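In: quick one, fold the following:
(chains A and B)
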Amino acid sequence: MTNLLIIVFVISLIYMASAGRLLTYTKVLFIQGILLSFIALLELTHDISISNLIFIVLETVIFKAIVVPFYFSRLIVKNKMSNERNADNPNFFAIFKVALIIILAYTLSYNLNDEHLHITYFTAAISAIFVGLLMIVRRKKIITHIMGYMVLENGIFLLSMALGSELPLIVNLGILLDLFTSVLLFGLFITKIDELYHSTEIDQLSGLKD
Amino acid sequence: MDIILLYLFGSLVIGMLMFFIKNRVINYLLFIPFFALQVLLNVHEIFHINEIEGYYFGGDGEGYFKADGIGIIFLSVITILVIPTVIHSYWYTKHRKETIGSISIYNLSLLLLISMMSCALITRHVAMMWAFIEATTLAASMLIYHERNHAALEATWKYIFVCSIGIAMSFVGILFLGIAAQDAKSLDLTFDALSQNARLMDPMWLKLTFLLIVTGYSVKMGLTPLFTVDIDAKDTAPSPVGALLSGGLLNVGFVAIFRFYEVFSKTEILSWMNTVLMMVGMSSLFFATVYILRVKNIKRLLAYSSLEHAGIALIALASGGIGYFAVIFHLILHALAKSSLFFQVGQMIRVYRHKNIDLIRGYYKVNPWGGLVLILGFMAVLGIPPSGIFLTEFYTFKALFMAKHYFVGLWALILLSIIFYGLSRDLLKVLFGEVPPSITHRAVVVYPYETISQWILLSIVFFLGLYPPAFLVEFIQMAVQDLPK
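Out: The predicted structure is shown next:
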């Protein structure tokens, strides 16, 4: 069952990479949040205390699946943000890149051949981390950068889950990472940047240089 | 009474008071109890060196804090910097005629930054250190955003975003360390336990961990690859904050990398780690050189000089032998000298209302005391004797050549000479020449007494270079005793 969920998670990554509409990204983030909370529920049930489990699952559902995607979609609709342009045209190349990332991640985890490593988890997590980085590097909008960061964080959350049965502290720390950076990233800033620049293209932020 | 808990709780309460009491005088007076707490913590840790403390969450578990040699050294550096930073912040806000609202947020963030850095230095648990360093990002970004203009917004945005990526990377590093620790059948992630079990772990995981940790914390120490946001931060943040970032946060980043280096140095990956550190150090030196030659902004010049010193520190650490002693001593001296320079440059910008070197001329005539501080400060960071940095750089090269790293030695020598030329060229431009007419008819706004704290910091730098006290040498030796000989 967990494997199936992880496979759906990986497919959502491919879908995300090929999409260009900002609202599609928020939908994928929502799906990923739901998937991750189910994975957490299935994987950690027997290993950690019930209160901790409830905390982790609730955090994942509320935060990753509801608050973040809905906040973003409201922002997109309210500010009438245009969609991503000229990042990866045609989309075929984007799919090709993500496929390459997944293959490389699989090869890596297969070759690591460590008895403590869940290959499926590791492949999906590493793929998500690199897809997130790819989005940050290739896309032009600040909001897409933050969503790329969220994908990266989803990957990290998955990776921490692979360890969660042995080290529950690590999963809680991952949640701390989630809350903390997100408060920093958009709670404070996307509104301010929007106010000042009336546009959220990253190219506008190029005043500081030597 | 648990002093660390008292410190954390006390700073929280004082911070809240700063936020809610909207009175300028009381807001600054609140730094007095905070400084008392800071000194209390520092003295407590000196008397309880290498004792495990902080048994929270369950009681019988592992303690979360232990102040060792390196932690106490850099904690003391931060404690020394508290009062000058607060005084200069007071002058800074006073001359900008800031409202009490922005002052209270500034003071709260400053207090948070200092206390989080202090705790990050004395914790012995990988995860706790990570959390404290993460918290410094929050405090630092509020301070970088202080001036509320476009440049501040851009710098803060970049700082937050790249710091978040750095934090995420170091978190992945910790996860990999967790996988490696399973090989050793021990899930205790304290540095003590890790260094006992490091030999049992798979070297491949350790290498991945080390790479991710160095990349992740490079944004805090201001090294390649993520140094650019750090430069922007030091440029746009108020000068007293720039001093604290160069004099405090840089050392915290170094300690984070150092602790992992110390743990992994017991394994076979030691020489591989040294290669990595050498490469990071050499590239940092290279970027510092290139930018120092072309940069026109005096604060960015100082920031790039910090990049240079961070690079030298890593090279010294990687060269081993006497380099271990040199790196710690170097970072102490650099912290004091660079922060006094940042304080002074803040006052210079107040006079000229500009950061551009081409528009700043004749500073020595306008403000002789400040000009003298600038000369001595540049002497200190350039490593001109009797500055202690001359001694540490000399030891670094000695260690490099003794370890037969001739290429690295030559590379560093050439780049340091170019940096020497670049910085002294800019210093002479700024100090002498025709005073711009817009300045001459304006009354001098910097009084000699405003440079007292800078004089004190610089005299410590020169004094330590000439007569390093025995207790300091002892602490430094204690800090590096676990490294391979």
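
In: poorly predicted segments of chain A, please.
Out: Where chain A drops to pLDDT under 70, the residues are A:82, A:84-91, A:164-165, A:184-204, A:210.

In: centre-most residue in it?
Out: Most central in chain A under C-alpha atoms, centre = their mean is A:Val151, positioned 1.3 Å from the mean C-alpha point.

In: nearest residue to it other than its sequence neighbours?
Out: Spatial nearest neighbour of A:Val151, excluding adjacent residues (C-beta to C-beta, 6 or more residues apart in numbering or on different chains): A:Gly132 at 3.8 Å. Just so you know, the C-beta spots here come from the backbone N, C-alpha and C atoms, and that holds for glycine as well.

In: so who does the residue nearest to the centre of chain A touch?
Out: A:Val151 makes contact with A:13, A:16, A:29, A:32, A:128, A:131-132, A:135, according to C-beta atoms under 8 Å, 6 or more residues apart in numbering or on different chains.

In: low-confidence ranges, chain B, go.
Out: Checking chain B against pLDDT under 70 turns up B:1, B:57-61, B:440-444.

In: now B:Arg361. Nearest residue, chain neighbours left out?
Out: Spatial nearest neighbour of B:Arg361, chain neighbours left out: B:Gly433 (4.0 Å); criterion: C-beta to C-beta, 6+ apart.

In: surely that neighbour is in contact with B:Tyr363?
Out: No - assessed by C-beta atoms under 8 Å, B:Gly433 is found out of contact with B:Tyr363, at 9.1 Å.

In: look at the two and report which has more neighbours.
Out: Neighbour comparison, B:Gly433 and B:Tyr363: the larger count goes to B:Tyr363, with 24 against 14 (by other C-beta atoms under 10 Å in any protein chain shown).

In: mind checking the SS state of the residue of the stretch 1-150 of chain B found nearest chain A?
Out: Closest to chain A within the stretch 1-150 of chain B is B:Ala127: 5.4 Å, counting by C-beta to the nearest C-beta. Three-state assignment for B:Ala127 (DSSP: H, G, I helix; E, B strand; the rest coil): helix.

In: who's in contact with it?
Out: Contacts of B:Ala127 (C-beta under 8 Å, 6+ apart): A:169-170, A:173, B:174, B:189.

In: what about B:Met379, neighbour count?
Out: Using other C-beta under 10 Å, B:Met379 has 21 neighbouring residues.

In: that one: which element?
Out: helix B:368-382 (DSSP states H and E).

In: now tell me what touches that helix from outside.
Out: Here helix B:368-382 makes contact (C-beta under 8 Å, 6+ apart) with B:305, B:309, B:333-334, B:337-338, B:340-341, B:344-345, B:347-348, B:363-364, B:387-389, B:419-420, B:423-424, B:427, B:430-431, B:446, B:448, B:451, B:454-455, B:458, B:461-462.

In: and stretch B:139-157, by the same measure?
Out: A:142, A:184, A:188-189, A:192-193, A:196, A:205, A:207-208, B:102, B:105-106, B:108-110, B:112-113, B:116, B:159-160, B:163, B:229, B:232-233, B:235-238, B:241, B:245, B:249.

In: now do B:Leu121 against B:Leu41, distance only.
Out: Here B:Leu121 is placed at a distance of 10 Å from B:Leu41 (C-beta to C-beta, to the nearest Å).

In: overlap of the contact sets of those two?
Out: Residues touching both B:Leu121 and B:Leu41 by C-beta under 8 Å, 6+ apart: B:Leu75.

In: returning to what we had before: just the buried positions in the helix holding B:Met379, please.
Out: With burial defined by 16 or more other C-beta atoms under 10 Å in any protein chain shown, the residues of helix B:368-382 counted as buried are B:369-374, B:376-382.

In: repeat for stretch B:452-472
Out: Neighbour counts using 16+ other C-beta under 10 Å place B:453-454, B:457-458, B:460-462, B:464-465, B:468 of stretch B:452-472 among the buried residues.

In: now do the contacts for the residue nearest the centre of chain B.
Out: Centroid-nearest residue in chain B, with C-alpha atoms, centre = their mean: B:Leu250, separated by 2.5 Å. Applying C-beta under 8 Å, 6+ apart to B:Leu250 gives the contacts B:220-222, B:306, B:310, B:331, B:334-335.

In: out of the contacts of helix B:368-382, which are buried?
Out: Buried among the contacts of helix B:368-382 (16+ other C-beta under 10 Å): B:305, B:309, B:333-334, B:337-338, B:340-341, B:344-345, B:347-348, B:363-364, B:387-389, B:419, B:423, B:427, B:430-431, B:446, B:451, B:454, B:458, B:461-462.

In: may I see the contacts of B:Ala127 arranged in JSON lines, with secondary structure, neighbour count and distance to A:Leu163 as well?
Out: Shown next, in JSON lines, are the contacts of B:Ala127 (DSSP: H, G, I helix; E, B strand; the rest coil; neighbours: other C-beta atoms under 10 Å in any protein chain shown; distance: C-beta to C-beta, whole Å):
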{"residue": "A:Leu169", "secondary structure": "helix", "neighbour count": "19", "distance to A:Leu163": "10"}
{"residue": "A:Ile170", "secondary structure": "helix", "neighbour count": "23", "distance to A:Leu163": "5"}
{"residue": "A:Leu173", "secondary structure": "helix", "neighbour count": "21", "distance to A:Leu163": "11"}
{"residue": "B:Ile174", "secondary structure": "helix", "neighbour count": "25", "distance to A:Leu163": "10"}
{"residue": "B:Leu189", "secondary structure": "coil", "neighbour count": "21", "distance to A:Leu163": "11"}
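
In: ok so, going back, so of the contacts of A:Val151, which ones are in helices?
Out: Mapping the contacts of A:Val151 onto helices (DSSP state H) picks out A:13, A:16, A:29, A:32, A:128, A:131-132, A:135.

In: chain B: which of those residues is nearest?
Out: Nearest to chain B among those: A:Gly132, at 8.9 Å, using C-beta to the nearest C-beta.

In: if I look at that closest one, how far off is B:Leu112?
Out: Look at A:Gly132 and B:Leu112: by C-beta to C-beta, they are 29 Å apart.

In: these two: which is more packed in?
Out: Taking other C-beta under 10 Å, A:Gly132 and B:Leu112 do not tie; A:Gly132 has more neighbours (25 against 21).

In: ok, how many other residues are close to the closest residue to A:Leu205 other than its chain neighbours?
Out: The shortest distance from A:Leu205 to any non-neighbouring residue, by C-beta to C-beta, 6+ apart, is to B:Glu154 (4.7 Å). Using other C-beta under 10 Å, B:Glu154 is surrounded by 20 other residues.

In: one more: B:Gly10?
Out: Neighbours of B:Gly10 (other C-beta under 10 Å): 19.

In: correct me, but it touches B:Leu37?
Out: Yes - with contact defined as C-beta under 8 Å, B:Gly10 reaches B:Leu37; the gap is 4.8 Å.

In: could you check how far the residue nearest to the centre of chain A is from chain B?
Out: Relative to chain B, A:Val151 is positioned 11 Å away (C-beta to the nearest C-beta, to the nearest Å).

In: torsion angles phi and psi at that residue?
Out: Backbone geometry at A:Val151, expressed as degrees, to the nearest 10, gives phi -60, psi -40.

In: now it: how far from A:Leu173?
Out: Counting by C-beta to C-beta - A:Val151 and A:Leu173 are separated by 19 Å.

In: just B:Ser186 next, same as before
Out: B:Ser186 is 18 Å from A:Leu173, where distance means C-beta to C-beta.
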